[in-house]
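# heads up, no residue letters with this:
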């Protein structure tokens with residue numbers, strides 16, 4: 001009876017050791033996989049870790065794409081950014097509110113992203129949208145001559161995503177406005193940021209992993225945007 005009891009105990013101990021080793025290996029493998037994924041996914045990149053000049057302060061001027069920009073998550077708290085993005089705004093809305101949206105902050109650098117909401121209406125043509133954006137730039141130049149201006153291209157849309165939010169926006173029109181803006185910037189000493197190329201897929205649409213609804217950026221999209229903007233903020 002004693003020998004039988006000893007045998008049972010030995011078997012139990014052996015099983016416990018085996019289970020421990022199996023679980024340990026599973027955990028190690030899972031951790032290794034998780035670590036590999038963390039290193040290789042774009043979410044693990046922290047583009048907000050950067051230094052800026054002591055006297056720099058920034059204004060992000062635009063529509064919902066800036067309004068919904070998770071700035072607190074993307075940038076270090078020491079970087080002075082004022083978010084002047086307003087959901088639903090068109091170019092004329094900003095032109096009517098330049099003092100409250102830009103001038104009062106006296107920014108060293110202003111980043112402009114506006115125009116996509118103008119294009120959702122068929123009666124606003126590409127030339128009119130580009131002209132209004134140029135007026136925004138010219139008014140900043142006149143009223144804050146020491147402010148460095150960075151004009152972003154309008155972002156692409158993706159109409160192939162189910163239940164997309166692009167409405168009547170089309171990439172052909174967006175590209176036409178962007179072409180006019182790029183030409184204007186080249187002739188008027190304004191820095192043009194080609195974000196369209198950063199965010200597009202091989203077909204010229206807003207890259208699916210970079211957008212949540214075909215119009216607004218996803219978290220990965222905002223990370224890609226932040227990485228690009230940081231090139232001009234440093």
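It's in. None of these values were measured; they are calculated from a predicted model.
# rest of the way, CA atoms for contacts and neighbours
OK.
# continuing past the worst-scoring helix or strand of the chain on mean pLDDT, what's the next helix or strand?
Using mean pLDDT, DSSP states H and E, the weakest-scoring helix or strand in the chain turns out to be helix 2-40, at a mean of 42. Sequence order places strand 58-62 as the next helix or strand after helix 2-40, per DSSP states H and E.
# partners of that next one, with directions?
The strands beside strand 58-62 in its sheet (DSSP bridges) come out as strand 81-85 (parallel), strand 109-113 (parallel).
# Residue 72: which of those strands is closest?
strand 81-85 (9.5 Å; CA to CA).
# pLDDT on the host helix or strand of residue 183, on average?
For residue 183, the enclosing helix or strand under DSSP H and E is helix 171-187. Mean pLDDT, computed over helix 171-187, is 97.
# what's the offset of it from the middle of its chain?
Remark: helix 171-187 is offset 20 Å from the chain centroid, using CA atoms, centre = their mean, to the nearest Å.
# And that helix, what does it pack against?
When contacts are defined as 3 or more CA pairs under 8 Å, 6 or more residues apart in numbering; DSSP states H and E, helix 171-187 packs onto helix 126-143, strand 191-193.
# on that earlier part again, comparing the strands paired with strand 58-62, which stretch has the densest surroundings?
Stretch with highest mean neighbour count among the strands paired with strand 58-62: strand 109-113 (a mean of 23; mean count of other CA atoms under 10 Å).
# Can you add mean pLDDT, distance to residue 105 and mean neighbour count and give the helices and strands packed on helix 171-187 back as CSV?
Formatted as CSV, these follow (pLDDT from 0 to 100; distance: least, CA to CA, whole Å; neighbours: other CA atoms under 10 Å):
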stretch, mean pLDDT, distance to residue 105, mean neighbour count
helix 126-143, 97, 12, 17
strand 191-193, 98, 20, 19
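# Can I get these in JSON lines including distance to residue 88?
Listed next are the helices and strands packed on helix 171-187 as JSON lines, based on distance: least, CA to CA, whole Å:
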{"stretch": "helix 126-143", "distance to residue 88": "15"}
{"stretch": "strand 191-193", "distance to residue 88": "22"}
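# nearest to residue 181, of these?
Closest approach to residue 181 among the helices and strands packed on helix 171-187 (CA to CA): helix 126-143, 6.3 Å.
# Run through the residues that contact residue 216.
64-65 (CA atoms under 8 Å, 6 or more residues apart in numbering).
# Where do the domain boundaries of this protein fall?
By the assignment in automatic domain parsing, the chain contains the domains 2-40, 48-233.
# Of these, flag the one that's most buried.
Most buried among these, counting by mean count of other CA under 10 Å: domain 48-233, with a mean of 18.
# Now for residue 61: which residues touch it?
83-85, 101-102, 110-114.
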